[in-house]
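Enquirer: pasting the sequence and the predicted model now:
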Amino acid sequence: MQAVMSHRYGNSIYCTALLTALFLLAPLYFQPNLGGRGLALPYNIPVWAVASFLIGGGLYLIAARRQFIRPIHAWAFLLFPVVMIFSGIVAGSSQPIPWLFRQIYVVGGILFLFSLFQFNFKQQQVERILYVVAASAAINALIATAQIFSPELIQGWLVTAGNTPVGVFQQINVLSSYLATGIIISFYLISRPSIGSASLAAKVLLIICIGSGAFIITYIGSRVGMLAAVAGLIIILVSRRQQFKKRAVLTLIGLLSLLGGAIPGGTIQEISGFEKLSQKTVEIAKGADASIRINMYAMALELVAQKPGFGHGIGNFQRVWGAQSGVYHLRNPDARLPPYVTHPHNELVYWLIEGGIVSVIGILIAIGITLLAMIRCGPQRGGGYAALLIPITLHAQVELPFYISSLHWFLWLFLIFMVLRHRTITTSVPLSLPATRLIKVSAILFCIGSSYFMIHSARAQSDIHAYLTKKEGQGPYLQVALNNLYFSSYAERLAMRNLLHASILDKNPDKVHYFAQWAEQQIAVNPRLKLFEDLINAYTFLELEEARCKIIHTGTRMYPMNQPLKTAAGTCKNPG
């Protein structure tokens, strides 16, 4: 019995250490980069590396114990990746690499969620991780504060954008939703019975997290951050009011810290955060921003109607969206649309277009089971869980936090784990000795392989940055990136663009012809805006006026609000 307890204690330390590294240490990793999303942002690389070790550890435990611990209705969470893969096979995809990484993203998240159950977390251990997340939010708020007042203090480590607080996430709304989650987590911990025995340092941490987070959110003037923080705070204060009454003094201090951060944060600027928020609200009232959203959703519904069942295929959004933009704009010439779109800024709409109704049903079933689990937890505990999930969930309905920040993805899944962990089933897994050994070795190799890929991706990202910012000598800046599965397509575009410019400079029409053929094929698959610019330059050099005007008109149909393309179209004799 003592050996079993010791073994479980060791597993707990392993998982706690990994989750601490995931939420607290991994986000602090930084190297020069060009921004973007996914592994193009450096902190996502160690985040995925740490998550891989947790997944591998969960798989190893299943083999070692020959037991699988799962939540009630686990099938609901396994259904989505199954239908996603099935719909992807049916609909097809012209971009296999993006398709693969979308599958990995979702399947990896589900494996992460199920791996958490294998470590037999106790409530005390769960709360310990929540303190780690609160510390992470406080650190990010302090980093953002430094970016506002003393950016020179962190310039040697972290990118700065003037005096704009973007934190490690390099995007203000992603930072805001993370800080809003930290604020709600802090109030949740204040409401827990364990706060009575918590150290003074732990209580001070929660107060700092609340005040600093409120300061940055209001300073930025983020609508999604403010709305999420207010909505989450109202829900948790109402649902857990009895617990807060028992800790009235600390609750009052927390609320004062919230106001003490929010008021100066929203008023100290020349154009205050509150003024920024009111200006955005006025824009919505006038219909400017609302008009763009309405037109985007109208176009999205048209695309869904074209292929409602299984969608247009994962990775095909930009191609089908571009084609529909031209059709929609012809019917509605006065419609306001964004000049460039890579995502409909709504997670469910995104899946409707690419994965169809089948994929969204899978998502809704998982959401329904989570809501059912919250209800079964009762109004106090369930309301607290709902409040914790609000900031990131709300953000996913107006932007794309999961694709920018993998940290948000894993934090959201950990909060869902908190909801589901109260009702679990332990199932025996009959494994032979060879099968057990095979799974254990596979788990170890998975951790090693994923770590190697992440290190290789970090090097590829670094080389791309060096290629685009230095260009000194003839260094092979793209060789690593061209051999990296994630960055290879980006590196190929950069290499081909360099070929175009060098060929034009050398007056080599054969190589320019080669680029034009390649670019035409790329546009047919993924019509990126930059490709149109390069292809226009190629046809201009080759003096192929008809081909030049044809690609210009293709571009203006796909990007009707893009002014450079509209200007270029005016130079064509045939208006198309």
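Expert: In hand now; what should we look at?

Enquirer: what is the strand or helix carrying Thr145 packed up against?
Expert: Following DSSP states H and E, one finds Thr145 within helix 123-149. Judged by 3 or more CB pairs under 8 Å, 6 or more residues apart in numbering; DSSP states H and E, helix 123-149 is in contact with helix 2-20, helix 172-191, helix 200-220, helix 406-420. C-beta: built from backbone N, CA, C; applies to glycine.

Enquirer: which outside residues touch whatever helix or strand comes next after the longest one?
Expert: With elements assigned by DSSP H and E, the helix or strand that comes after helix 200-220 is helix 223-239. Contacts to helix 223-239, defined as CB atoms under 8 Å, 6 or more residues apart in numbering, come from residues 173, 175-177, 179-181, 183-184, 187-188, 191, 213-214, 217-218, 244, 258, 277, 280-281, 379-380, 382-384, 386-388, 390-391, 394-395, 398-399.

Enquirer: again, only using 6 Å
Expert: Helix 223-239 is contacted from outside by 173, 176, 180, 183-184, 187, 217, 280, 379-380, 383-384, 386-387, 390-391, 394-395, 398, using CB atoms under 6 Å, 6 or more residues apart in numbering.

Enquirer: can you redo the helices and strands packed on helix 123-149 as a markdown table with mean neighbour count?
Expert: Output for those, formatted as a markdown table (neighbours: other CB atoms under 10 Å):
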| stretch | mean neighbour count |
| --- | --- |
| helix 2-20 | 14 |
| helix 172-191 | 27 |
| helix 200-220 | 23 |
| helix 406-420 | 23 |
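
Enquirer: wait, which of these is closest to Asn483?
Expert: Asn483 sits nearest to helix 406-420 of all these, at 22.7 Å, using CB to CB.

Enquirer: tilt between that closest one and helix 123-149?
Expert: 150 degrees (axes from the mean of the first three to the mean of the last three CA atoms, to 10 degrees).

Enquirer: now helix 406-420: how far from the chain's centre is it?
Expert: 13 Å (CA atoms, centre = their mean, to the nearest Å).

Enquirer: repeat that for stretch 131-143.
Expert: Distance of stretch 131-143 from the chain centroid (CA atoms, centre = their mean) equals 18 Å.

Enquirer: pLDDT on it, on average?
Expert: Taken as a whole, stretch 131-143 has a mean pLDDT of 95.

Enquirer: element containing His343?
Expert: Using DSSP H and E, His343 falls outside every helix and strand.

Enquirer: so it touches Leu400, yeah?
Expert: Yes: applying CB atoms under 6 Å as the test, His343 and Leu400 come out as touching, 4.7 Å apart.

Enquirer: which of the two has more residues huddled nearby?
Expert: Higher neighbour count among His343 and Leu400: Leu400, with 20 against 16, using other CB atoms under 10 Å.

Enquirer: how about that one, what does it touch?
Expert: His343 are the contacts of Leu400 under CB under 6 Å, 6+ apart.

Enquirer: so in this structure, where's the weakest helix or strand by average pLDDT?
Expert: helix 273-286 (a mean of 53; mean pLDDT, DSSP states H and E).

Enquirer: between the helices and strands packed on helix 123-149, which one is closest to Thr426.
Expert: Nearest of these to Thr426, taken as CB to CB: helix 2-20 at 13.4 Å.

Enquirer: what's the following helix or strand after that closest one?
Expert: helix 44-65.

Enquirer: list the contacts of that following helix.
Expert: So helix 44-65 is in contact with 14, 18, 21-22, 26, 29, 39, 68, 111-112, 115, 118, 406-407, 410, 436, 439-440, 443, 446-447, 450-451, 454, 457-458, going by CB under 6 Å, 6+ apart.

Enquirer: what's the spacing between it and its chain's center?
Expert: That offset, for helix 44-65, works out to 20 Å (CA atoms, centre = their mean).
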